[in-house]
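>>> below are the sequence and a predicted model for it; my questions follow.
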Amino acid sequence: MPRWGMVIDLDRCIGCGACVVACQAENNVPINTEDVYHQRRAIAWIRLERYWEGEFPNVKARYIPVPCMQCTNAPCEPVCPVYATYHTTEGINMQVYNRCIGTRYCSINCHWHVRFFNFWEPKWPDSLKNQLNPDVTVRSRGVMEKCNFCVHRIVKAEQKAKVEGRALRTDEVTTACAQACPTNAIVFGDLDDPNSAVSQLLAQAEKEHRVYRLLEDLGTDPKVYYLKKIDIEATTAPAGAH
Amino acid sequence: MRYIRLILFVLVVLVVMAIPLALVLARTYFLSPTAQPVKAQPIQFPHSVHVQALGLDCTYCHRNATTSAQATLPPLELCMQCHKIVPTQGRPELEKLVAAFQQDQPILWNKVHQLPDHTHFVHSVHLSFGFQCSTCHGDVGAMGKPGVKQVRDLRMGDCITCHQQNGARTDCSVCHY
């Protein structure tokens, strides 16, 4: 049984936003208009956070793509009154749209703000109607939705493996964001498989003390690992500091 | 005679309580997919002729059943491979087929087997584990002129029961995603 995880190398991330667009297209995420952003109701399963570092002449842009952390002890799960969000045996924090009654407790209990509520019926212009992914449910008004590590791709690959009578190969599945990343900053794979790309990246980065997770101190054990940016100018930074 | 009022009261309460229960059961029965009448199709396609008389395999027409999620309906070109030879005189259903083929118009069949919303069913996996088409679809080969009817419930309880009996996963994300 695999344990899916993701490694995001911030040293490689150039903040292009390809992951955001790929996710939007892959998962039938509704289109966010300016109006929606102003109401803070935009839906983005993976978002790109931008920070400015330093003062004016020496200012630097820093980027962090933030998908769902797929916490092992997810705070969103126990608060759901109808068990619409639950943990799969492969460690993915799933949202079951049919069950969701839209209490939004889960999004309030999520510290990363990666759960989104459908305040309206999603609409696409006619030119994009045929662009919808048939493998993914279109969520209607009144249900929560979130990143699920492109579970439809995982299920499809597992079913293909079953039909062919074999086990899932190492790195056979990848998410839309990882696939779209031009610099391979996002890598997806099985954390329990020592040969997978994520495990090897993590093992390598552990030696360089670059691995950290967002809000790790909360003890939810997220499965999205970040690799710290290597700053050539900051020579005095202590090893292991975040 | 002392308790007649009490007995009457209990009887009335029982009847009143039974009404909603009966309504729910009636709704379940009449709305169940198997209780629906046979759906009208643009062409009355007789499976019995093709399967029983001609001995065609299901996958001859539903070609992708073993390889993909959808069993898929055949394109008209596949029908016409045989039907360009079969005479159409005096057969209005076949004339409709030939007319549609010549006008390059697809035939808009009505969906017979209704799964609940937000579910993903994959034909290839079920077939690769040795299930027959008739396990869920019934003996389609014997269904003649009025058309194909859904014979199995195919709602979640039905799916879960079968999954449990066969040791398949019953995770929500197996079907709902």
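On my side now, so go ahead. Numbering: from 1, shown residues only, chains lettered A, B, ... in the order given.
>>> hey, which helix is longest across chain B?
With DSSP state H applied, the helix covering the greatest number of residues in chain B is identified as helix B:4-31.
>>> what residues does the longest helix along chain A touch?
In terms of residue count, the longest helix belonging to chain A (DSSP H) is helix A:151-163. With contacts defined as CB atoms under 8 Å, 6 or more residues apart in numbering or on different chains, helix A:151-163 is touched by A:4, A:88, A:90, A:92, A:94, A:133, A:135-136, A:167-169, A:172-176, B:67, B:120, B:122, B:124-125, B:128-129, B:173-174, B:177. Where you see a C-beta, it was placed from the backbone N, CA and C, and this is true even at glycine.
>>> change it to 6 Å
For helix A:151-163, the surrounding residues in contact (CB atoms under 6 Å, 6 or more residues apart in numbering or on different chains) are A:I92, A:D135, A:V136, A:L168, A:E172, A:V173, B:V122, B:S124, B:V125, B:S128, B:S173, B:Y177.
>>> count of neighbours near the residue lying closest to the second one once chain neighbours are set aside?
What that stands for is A:D135. Ranked by CB to CB, 6 or more residues apart in numbering or on different chains and with sequence neighbours excluded, the top spatial neighbour of A:D135 is A:H152, at 4.2 Å. With neighbours defined by other CB atoms under 10 Å in any protein chain shown, the count for A:H152 comes to 19.
>>> what does the one 5 residues further on give?
Counted by other CB under 10 Å, the residues lying close to A:A157 total 15.
>>> measure it to A:V114 for me?
A:A157 sits 24 Å away from A:V114, going by CB to CB, to the nearest Å.
>>> helices of chain B, start to end?
Under the criterion DSSP H, chain B carries helices at the ranges B:4-31, B:47-48, B:58-61, B:76-83, B:92-102, B:123-128, B:133-137, B:156-165, B:172-175.
>>> can I get the last one in CSV, CA atoms only?
Written as CSV, here are the backbone C-alpha positions of helix B:172-175 (Å, rounded to 0.1, in the frame of the first residue of the first chain):
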residue,chain,number,x,y,z
CYS,B,172,-15.2,5.9,-0.5
SER,B,173,-12.5,7.0,-2.9
VAL,B,174,-12.8,3.7,-4.9
CYS,B,175,-15.9,5.1,-6.6
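>>> whatever helix or strand comes next after the longest helix of chain A - contacts with which helices or strands?
Past helix A:151-163, further along toward the C-terminus, the next helix or strand under DSSP states H and E is helix A:176-180. The helices and strands touching helix A:176-180, judged by 3 or more CB pairs under 6 Å, 6 or more residues apart in numbering or on different chains; DSSP states H and E, are helix A:18-26, strand A:186-190.
>>> so which of the ones you listed is the most packed in?
Mean neighbours per residue, mean count of other CB atoms under 10 Å in any protein chain shown, is largest over the helices and strands packed on helix A:176-180 for strand A:186-190, with a mean of 25.
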